[in-house]
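Novice: predicted coordinates and the sequence they were generated for:
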Amino acid sequence: MGLDLTWQESNELWAEAVQQSPTITSTDGLDTIQALPPRIGSGYGRITELQPEMELNIFSGTFHDLTLRMPENEHPLQFTVYLSGTVEGLNSPSMNKDLGLISGSGMQ
């Protein structure tokens, strides 16, 4: 049976993962690497600050069967590209290596 998490529950699992496997930050503070919480899957996320208010997030890993209920999210612009795998959305089409997403400039 898969996990069904709220955004807050997901954030709590990430906080636990930080305690078990501390975040790695580059000496200049622009790159951060964090292991994926084991209850969610395996892999890691890397965030690189390109400039203030602009970051590149790279994720390499595999999720377990997971449903994540996210609140509305306001952001200026977001590009999403998958190199492999598939992500199913309740209110959006499946996304995979053949489909990308550009969203933003308002509420998502």
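Specialist: Looks like it came in fine.
Novice: what does the helix or strand harbouring Trp14 rub up against?
Specialist: In this structure, Trp14 is located in helix 7-20 according to DSSP states H and E. Under the contact criterion C-beta atoms under 8 Å, 6 or more residues apart in numbering, helix 7-20 has outside partners 5, 34-40, 68-71. Bear in mind the C-beta positions are built from the backbone N, C-alpha and C, glycine included.
Novice: and stretch 57-72, by the same measure?
Specialist: By C-beta under 8 Å, 6+ apart, the residues outside stretch 57-72 that reach it are 1-7, 10, 36, 39-48, 85, 107-108.
Novice: so how far is that stretch off the chain centroid?
Specialist: With C-alpha atoms, centre = their mean, to the nearest Å as the basis, stretch 57-72 stands 6 Å off its chain's centre.
Novice: quick one: end-to-end length of it, please.
Specialist: Stretch 57-72 stretches 19 Å from its first residue to its last (C-alpha to C-alpha, to the nearest Å).
Novice: flag every buried residue along it.
Specialist: Buried residues in stretch 57-72, defined by neighbour count with 16 or more other C-beta atoms under 10 Å: Phe63.
Novice: and that stretch, average pLDDT?
Specialist: Averaged across stretch 57-72, the pLDDT comes to 79.
Novice: in strands, which of the contacts of stretch 57-72 fall?
Specialist: 3-6, 41-48, 107 (DSSP state E).
Novice: Throw those into a markdown table and include neighbour count, distance to Pro76 and pLDDT, thanks.
Specialist: Formatted as a markdown table, these follow (neighbours: other C-beta atoms under 10 Å; distance: C-beta to C-beta, whole Å; pLDDT from 0 to 100):
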| residue | neighbour count | distance to Pro76 | pLDDT |
| --- | --- | --- | --- |
| Leu3 | 16 | 30 | 77 |
| Asp4 | 11 | 30 | 81 |
| Leu5 | 18 | 26 | 82 |
| Thr6 | 13 | 25 | 81 |
| Gly41 | 15 | 28 | 85 |
| Ser42 | 13 | 31 | 89 |
| Gly43 | 12 | 27 | 88 |
| Tyr44 | 14 | 26 | 89 |
| Gly45 | 16 | 21 | 87 |
| Arg46 | 14 | 21 | 90 |
| Ile47 | 16 | 17 | 89 |
| Thr48 | 14 | 18 | 92 |
| Met107 | 9 | 12 | 53 |
